[in-house]
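Trainee: From the sequence below, what's the structure:
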Amino acid sequence: MVFRTLFGRTVGGGTQIGLAKSVRHRGCPAIIDAVAVEGFAELRLILRNAREAAGSPEAALRELAEAYVGFAMEHPAVYDAMFTLNTGLPFGRPEAPRELQAAFAELREAVTPLAGGRDPDTLAEVAWSALHGVATLTRARRLRPDYHQARLTMLVDQLAGVPG
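Mentor: As a prediction, this is how the structure comes out:
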């Protein structure tokens, strides 16, 4: 996934492995940015597939939440590049790379039918923040492992406006 962005292609029958030209000239921060952008492209596909496979808005958000945390658990280095490591990528601004905007749009698409009178963009930011917290704390083993599903169910119910 990430190596498509960073490394060269097969040339003359042999594999030439080298950093992409734009990354080579900018150094380590550019590598982190490239990994993050590629990670957002991959995350968008995973979130879209999860959302579209569901039969209802609540199920779509539930599937998306599982997919998001699953991505963080299965791709920890990429997830760190996307959300933890220092990056020059603009978040939450119009000049953000399209991959970031597209991944966020999948989350917004999942919460919009559940927003009611709430602003869908703000609800998507709250959902993203909460999912990031669950993913980060789960990866760090700071939460009770036997309650993972209960946490995600409670989170989705809260976001969906389901009475507790």
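Trainee: Residue 88 - that's part of a helix, no?
Mentor: No: when DSSP: H, G, I helix; E, B strand; the rest coil is applied, residue 88 is found to be coil, with no helix at that position.
Trainee: Now do the contacts for it.
Mentor: 29, 33 (Cβ atoms under 8 Å, 6 or more residues apart in numbering). Yep, even glycine has a C-beta here, placed from its N, CA and C like the rest.
Trainee: same thing but at 10 Å, please
Mentor: Taking Cβ atoms under 10 Å, 6 or more residues apart in numbering, we find residue 88 in contact with 26, 29, 30, 32, 33, 36.
Trainee: from those residues, which would you call buried?
Mentor: The neighbour count (16 or more other Cβ atoms under 10 Å) marks 30, 32, 33, 36 as buried among the contacts of residue 88.
Trainee: Show me these that map onto helices.
Mentor: 30, 32, 33, 36 (DSSP state H).
Trainee: if I look at the residue nearest to the spatial centre of the chain, how far off is residue 163?
Mentor: Among the residues of the chain, the one closest to the centroid is residue 43, at 4.7 Å (Cα atoms, centre = their mean). Applying Cβ to Cβ, to the nearest Å, the value for residue 43 to residue 163 is 31 Å.
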